[in-house]
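>>> When you get a sec, could you give me coordinates for this:
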Amino acid sequence: QRSMCAAAAVGNTIYVFGGEDGSKHLSSTKAYDVRTQTWSSVNPMSTKRRLCAAAAVGNSIYVFGGRCSKNKPLSSVKAYNVQTRTWSSVAPMSTARHGCA
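Below you'll find the predicted structure:
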């Protein structure tokens, strides 16, 4: 199970990031191909986070804030490039945020 996650779409694929499974925070990422109606695993984020937000720009998806496994709000922002399937860190937000859309 997964709750308190974030999602964003690029092309025909919807990506689901982080969240929690009822007992622990998650760093995992899943991808849903709407054409084939199949799920696959994607490289996980470096930080477990729930209550984060995500937005797609071009071939990148940015995952913002959330709460870490110590339940502290995060200001960090990670970018996932769907072509290279790699994560990178980008400039953090000036204020930690969680639970935003």
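>>> Residue ranges in the chain under the pLDDT threshold?
Nowhere does the chain drop to pLDDT under 70.
>>> Find the centremost residue of it, please.
Nearest to the geometric centre of the chain sits residue 17, at 3.0 Å (Cα atoms, centre = their mean).
>>> Count the neighbours of the nearest residue to residue 97 once chain neighbours are set aside for me.
Closest residue to residue 97 apart from its sequence neighbours, by Cβ to Cβ, 6 or more residues apart in numbering: residue 65 at 4.0 Å. Placement of C-beta: from N, CA and C, glycine included. A count of nearby residues for residue 65, using other Cβ atoms under 10 Å, gives 23.
>>> next one: residue 49
29.
>>> cool, and the one 4 residues further on?
By the criterion of other Cβ under 10 Å, residue 53 has 19 neighbours.
>>> Repeat that for the one 4 residues further on.
In terms of burial, residue 57 registers 10 neighbours under the definition other Cβ under 10 Å.
>>> do the one 4 residues further on as well
Applying the criterion other Cβ under 10 Å, we find 24 residues in the vicinity of residue 61.
>>> Where does it fall, secondary structure wise?
Here residue 61 sits within strand 60-64, counting by DSSP states H and E.
>>> And residue 83, by the same measure?
For residue 83, there is no helix or strand it lies in under DSSP H and E.
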